[in-house]
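Peer 1: predicted model, plus sequence, below.
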Amino acid sequence: MPSYDIEEVKKHNRADDFWCVVDNEVFDLTDFHARHPGGSLIISGAGSDCTVMYHNYHVFVKKRAKQTLRKFKIGDFEGKSPVMGAYYEDLSDEVAKRLGHLPKHPLKTKLIAAFDLGAMASIVLLSTFVTTRAPLWRVFALWCPLFMALNGRCKQEGHAIGHLQVFPKETNPYCEAVTLLLGVISMLAYSSSDGGNMRSLINEPREKSQAEFLNLAKRGPYEHQAIHHVKGASLEHDGCLNLASLNGAIRLTPDREWKRHHAWQTNPLLVNVYECFFVINSIMLVGPLRFRMGVEYAKHGEWRYAALCFLGVPAALLQTRLFLLPLWMGWLARGLWLALFVVALRTSVFATGGYLFFAQHVWDRSTPEDVVDTDWGRYNNNSSFSLWNTNTTNPTFWFAGGACPATLSYHCEHTLFPGINYSLLPQVARINEEVCAKHGLPYNKLDGLDHCKEVYDGFLEKYSKPPSKKVD
């Protein structure tokens with residue numbers, strides 16, 4: 001069989017001309033992708049080495065996927081694909097053996113998603129009829145559930161829906177469309193494609209590939225599945241690190257330049273001020289960012305997704321309008337707005353500027369991509385936290401027994417198996433802890449929210465100090 005390099009493979013990145021690389025072999029999936037059991041997510045691997053994505057998403061169907069893929073081989077790869085490693089292979093075998101009989105799309109999580117999206121849609125629609133002349137109780141009857149629970153929940157649902165964790169491929173496109181129409185900002189990174197892989201830099205290092213479609217977190221179509229997870233242990237240029245560090249306002253890694261204000265980053269008041277700005281920006285920028293991504297889709301001829309992005313702008317603007325409306329209703333309304341906003345920071349997913357969002361990765365363990373590719377599972381396990389959470393009062397974790405659609409808990413397991421439904425991750429975590437012990441690997445367990453906060457405070461303290469000067 002002939003051999004192909006990555007330059008030749010990346011020319012074939014369209015739905016009607018689809019090549020990819022898996023485990024050092026080249027495949028032509030042009031005639032297969034339309035009937036792919038996982039739906040259009042497969043297009044995110046077009047024109048690239050998608051070895052990691054292939055293993056991540058086929059943990060429960062290894063044998064069948066391998067038999068199917070073999071039929072479409074057209075040659076060998078001249079490059080070198082990532083190696084998943086002995087630990088990962090062992091772990092995925094154990095997960096498949098113990099959990100393979102469970103539903104891949106549990107009914108419970110479908111009902112949760114339907115409730116979250118339906119409630120948010122209802123409140124956004126009702127907010128169009130609310131003005132500054134409305135009774136104060138009516139305004140805050142809409143404001144409270146939207147910004148203290150539903151806004152964050154729907155961002156999380158966008159994450160789970162984007163990973164095809166909740167709905168099967170027949171239903172998922174409609175749920176994805178609803179999420180886009182609601183203006184949910186998270187769908188910028190997870191939204192799909194009709195014609196092909198829009199990312200021409202997908203085979204480049206993360207520094208370039210993640211920044212190809214710029215928005216609040218340097219993200220855009222397919223970034224999350226095809227870049228964030230594939231290159232998950234090379235944290236230096238990770239978009240989530242920018243969010244966790246509030247775009248450099250907080251120093252969490254030794255490679256970031258120390259600035260004078262970092263000496264004060266352990267001050268809770270200052271951290272809360274940063275988080276307030278983070279939340280306000282994330283709400284008020286949704287409309288413009290949604291419009292911008294619609295333009296990007298239109299440039300690539302992705303008219304369906306462009307339309308969904310443009311149609312989602314009004315919903316995003318309505319949310320911004322409702323968020324700011326009390327500020328024009330007198331001092332009592334402003335006082336209530338401020339008090340509730342502070343409560344929302346402490347109880348909702350918007351607290352992610354602090355320790356909840358921080359708990360995804362061990363941010364100072366960034367490993368170069370070429371090293372990660374020698375044992376992908378080991379290095380991704382080493383750089384990810386797993387928050388074993390039992391808190392059920394925080395809206396972030398409602399209904400799922402400590403797990404959440406955005407995997408702010410059990411994130412290590414989600415990093416390794418992004419296609420597994422989030423409600424199953426507590427079980428995966430127990431298996432992972434066993435397999436790590438078997439292979440002599442550390443397991444970065446955070447035992448509850450208090451422990452998570454303690455570790456976060458330790459990072460703030462450690463990197464609040466200027467680097468020691470080297471002595472010649």
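Peer 2: Ah, there it is.
Peer 1: use CA for all of it now, contacts and neighbours both
Peer 2: Fine.
Peer 1: what stretches of the chain score poorly on pLDDT?
Peer 2: 214-218, 346-354, 469-472 (pLDDT under 70).
Peer 1: what's the domain layout of it?
Peer 2: As assigned by automatic domain parsing, the chain contains the domains 3-83, 106-185+285-344.
Peer 1: the stretch 151-300 of the chain: strands as residue ranges?
Peer 2: Under the criterion DSSP state E, counting those that start in this stretch, the stretch 151-300 of the chain contains no strands.
Peer 1: which of the domains of the chain sits closest to residue 434?
Peer 2: domain 3-83 (17.9 Å; C-alpha to C-alpha).
Peer 1: can you pull the contacts of residue 26?
Peer 2: The contact partners of residue 26, taken as C-alpha atoms under 8 Å, 6 or more residues apart in numbering, are 4, 9, 19-20, 73-77.
Peer 1: quick check: which element contains it?
Peer 2: Assigned by DSSP states H and E, residue 26 falls within strand 25-28.
Peer 1: so for that strand, what gets flagged as buried?
Peer 2: For strand 25-28, the neighbour count (16 or more other C-alpha atoms under 10 Å) marks 25-28 as buried.
Peer 1: can you redo the domains of the chain as TSV with distance to residue 356?
Peer 2: TSV is the format used below for the domains of the chain (distance: least, C-alpha to C-alpha, whole Å):
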stretch	distance to residue 356
domain 3-83	24
domain 106-185+285-344	13
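Peer 1: among these, which is nearest residue 415?
Peer 2: The nearest among those, by C-alpha to C-alpha, is domain 3-83 at 8.7 Å.
Peer 1: quick one: closest of the domains of the chain to residue 432.
Peer 2: Closest to residue 432 of the domains of the chain is domain 3-83 (C-alpha to C-alpha; 14.0 Å).
Peer 1: and the closest one, how far out from the chain middle?
Peer 2: Distance of domain 3-83 from its chain centroid, counting by C-alpha atoms, centre = their mean, to the nearest Å, is 23 Å.
Peer 1: that one spans what distance, first to last residue?
Peer 2: The first and last residues of domain 3-83 sit 19 Å apart, counting by C-alpha to C-alpha, to the nearest Å.
Peer 1: ditto for stretch 132-139
Peer 2: Using C-alpha to C-alpha, one end of stretch 132-139 lies 9 Å from the other.
Peer 1: just the ones of the contacts of residue 26 in helices?
Peer 2: Counting by DSSP state H, the contacts of residue 26 place residue 9 in helices.
Peer 1: for the contacts of residue 26, pick the one with the most neighbours.
Peer 2: Comparing the contacts of residue 26 by number of neighbours (other C-alpha atoms under 10 Å), residue 19 comes first, having 27 neighbours.
Peer 1: about what we covered before: same list, the buried residues of strand 25-28, but as TSV with distance to residue 461 please.
Peer 2: Converted to TSV, the buried residues of strand 25-28 look like this (distance: C-alpha to C-alpha, whole Å):
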residue	distance to residue 461
25	47
26	48
27	50
28	51
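Peer 1: residue 467: which of these is nearest?
Peer 2: Of all those, residue 467 sits closest to residue 25, with 45.4 Å by C-alpha to C-alpha.
Peer 1: so what's that closest one closest to, chain neighbours aside?
Peer 2: Leaving aside its chain neighbours, residue 25 sits nearest to residue 76 (4.4 Å; criterion: C-alpha to C-alpha, 6 or more residues apart in numbering).
Peer 1: which strand residues bridge the one you found?
Peer 2: Listed by DSSP bridges, the beta-bridge partners for residue 76 are residue 3, residue 25.
Peer 1: now stretch 100-114: how far from the chain's centre is it?
Peer 2: A distance of 19 Å separates the centroid of the chain from that of stretch 100-114, by C-alpha atoms, centre = their mean.
Peer 1: neighbouring contacts of that stretch?
Peer 2: Under C-alpha under 8 Å, 6+ apart, the answer for stretch 100-114 is 60, 157, 165-168, 399, 420-421, 423.
Peer 1: now those: which count as buried?
Peer 2: Among the contacts of stretch 100-114, those classed as buried by 16+ other C-alpha under 10 Å are 60, 157, 165-167, 420-421, 423.
Peer 1: and the contacts of stretch 100-114, which two are furthest apart?
Peer 2: 60 and 399, at 25.2 Å, using C-alpha to C-alpha across those.
Peer 1: with the contacts of stretch 100-114 in mind, which one is nearest to residue 251?
Peer 2: residue 157 (29.2 Å).
Peer 1: how far away is that closest one from residue 408?
Peer 2: For residue 157, the distance to residue 408 - C-alpha to C-alpha - is 12 Å.
Peer 1: equivalent analysis for residue 458, please.
Peer 2: In terms of C-alpha to C-alpha, residue 458 sits 19 Å off from residue 408.
Peer 1: tell me which of those two has more neighbours.
Peer 2: Legend: neighbour count by other C-alpha under 10 Å for residue 458 and residue 408, higher for residue 408 (26 against 14).
Peer 1: test my guess that the more buried one contacts residue 356.
Peer 2: Yes: using C-alpha atoms under 8 Å, residue 408 is in contact with residue 356, at 6.4 Å.
Peer 1: closest to residue 276 out of the contacts of residue 26?
Peer 2: residue 20 (43.2 Å).
Peer 1: so who does that closest one touch?
Peer 2: 9-10, 26-29, 45-50.
Peer 1: make CSV out of the residues you listed and add distance to residue 372.
Peer 2: Shown next, in CSV, are the contacts of residue 20 (distance: C-alpha to C-alpha, whole Å):
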residue, distance to residue 372
9, 22
10, 22
26, 22
27, 24
28, 27
29, 27
45, 19
46, 22
47, 21
48, 17
49, 15
50, 15
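Peer 1: of all these, which comes closest to residue 282?
Peer 2: residue 45 (29.1 Å).
Peer 1: returning to that earlier point: from the contacts of stretch 100-114, which land in helices?
Peer 2: The helices, defined by DSSP H, take in residue 157 from the contacts of stretch 100-114.
Peer 1: just the contacts of stretch 100-114 now: which is nearest residue 414?
Peer 2: residue 420 (7.3 Å).
Peer 1: leaving out chain neighbours, which residue sits closest to that closest one?
Peer 2: Counting by C-alpha to C-alpha, 6+ apart, residue 420 lies nearest to residue 165, which is 6.0 Å off, once chain neighbours are set aside.
Peer 1: quick one: contacts for the one you found?
Peer 2: Residue 165 makes contact with 104-105, 419-422, according to C-alpha under 8 Å, 6+ apart.
Peer 1: repeat for residue 225
Peer 2: Here residue 225 is in contact with 44, 53, 163, 190 (C-alpha under 8 Å, 6+ apart).
Peer 1: next one: residue 262
Peer 2: By C-alpha under 8 Å, 6+ apart, the neighbours of residue 262 are 249-251, 463-465.
Peer 1: check residue 166 too.
Peer 2: 105-106, 109-110, 113, 160, 172, 421.
Peer 1: from residue 247, how far off is it?
Peer 2: According to C-alpha to C-alpha, residue 166 stands 31 Å off from residue 247.
Peer 1: quick one: the residue nearest to residue 80 when sequence neighbours are not counted from residue 68, how far?
Peer 2: By the measure of C-alpha to C-alpha, 6+ apart, the closest residue to residue 80 outside its immediate chain neighbours is residue 24, 6.1 Å from it. Residue 24 sits 16 Å away from residue 68, taking C-alpha to C-alpha as the criterion.
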